[in-house]
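# what shape does this take:
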Amino acid sequence: CGCVSRSSPEQLLPTADANARSDDADVEAGKNDPPSGPVSKVASALRRAWDAVQEVPLVRQLVRLFLLVLPTLLYAKEVASHTSFVADVVLDIYLCVQLYHTGNPWWGSLTLLFVSQQYVVTMIAIYLFVRSTRLPN
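The predicted structure is shown next:
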């Protein structure tokens, strides 16, 4: 029939040398040149700066410190701030209870008012936000 090729699969696949020659020809012809413009200039400047940073061990360690340790510290700061807020609210409620037990209902009521107004204001803000971002029917 003549429709079956007698070539081996290895002969049909391009070799690494052929690919390298093809890539070299594309570079010489200008096909693989990066696009010119402000974005490519910034990208190439960042690439050169990164290469320069990699050559200095102290700077490389500082970059790793800021890229790896700083996000962890920021996360720890967020956890600490949320924890301190919750602790503050718990202590305020404890103070309110203690004021009622010691015969100071006026100060206990004021403490309860100040603690609960944070919750009420937050819930109103959340309600208004959800209401304003509701999808149309």
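
# contacts, neighbours, all on C-alpha from now
OK.

# report all helices and strands that the lengthiest helix in the chain contacts.
In the chain, assigned by DSSP state H, the helix with the most residues is helix 70-101. On a contact count with 3 or more C-alpha pairs under 8 Å, 6 or more residues apart in numbering; DSSP states H and E, helix 70-101 meets helix 105-132.

# what angle sits between the helix it packs on and helix 70-101?
140 degrees (axes from the mean of the first three to the mean of the last three C-alpha atoms, to 10 degrees).

# what's helix 105-132 packed up against?
helix 70-101.

# would you mark the buried spots in the longest helix of the chain?
Buried residues in helix 70-101, counted by 16 or more other C-alpha atoms under 10 Å: 92, 93, 95, 96, 97, 99.

# from the middle of its chain, how far away would it be?
Offset of helix 70-101 from its chain centre (C-alpha atoms, centre = their mean, to the nearest Å): 25 Å.

# avg pLDDT for it?
Averaged over helix 70-101, pLDDT sits at 87.

# how about residue 53, secondary structure?
Here residue 53 is recorded as helix under DSSP: H, G, I helix; E, B strand; the rest coil.

# how close does it sit to residue 63?
According to C-alpha to C-alpha, to the nearest Å, residue 53 stands 8 Å off from residue 63.

# and what of residue 73?
In terms of C-alpha to C-alpha, residue 73 sits 15 Å off from residue 63.

# can you get me the start-to-end distance on stretch 51-69?
By C-alpha to C-alpha, the extent of stretch 51-69 from end to end equals 21 Å.

# got the buried residues for it?
residue 53.

# and that stretch, how far out from the chain's middle?
When distances are taken as C-alpha atoms, centre = their mean, stretch 51-69 is centred 20 Å away from the chain's centroid.

# start at 562, not 1
All set: I'll call the first residue 562, so the last point we hit is now stretch 612-630.

# quick one: low-confidence residue ranges for this structure.
562-599, 696-698 (pLDDT under 70).

# surely residue 615 and residue 624 touch.
No - if you go by C-alpha atoms under 8 Å, residue 615 and residue 624 don't touch, sitting 9.2 Å apart.
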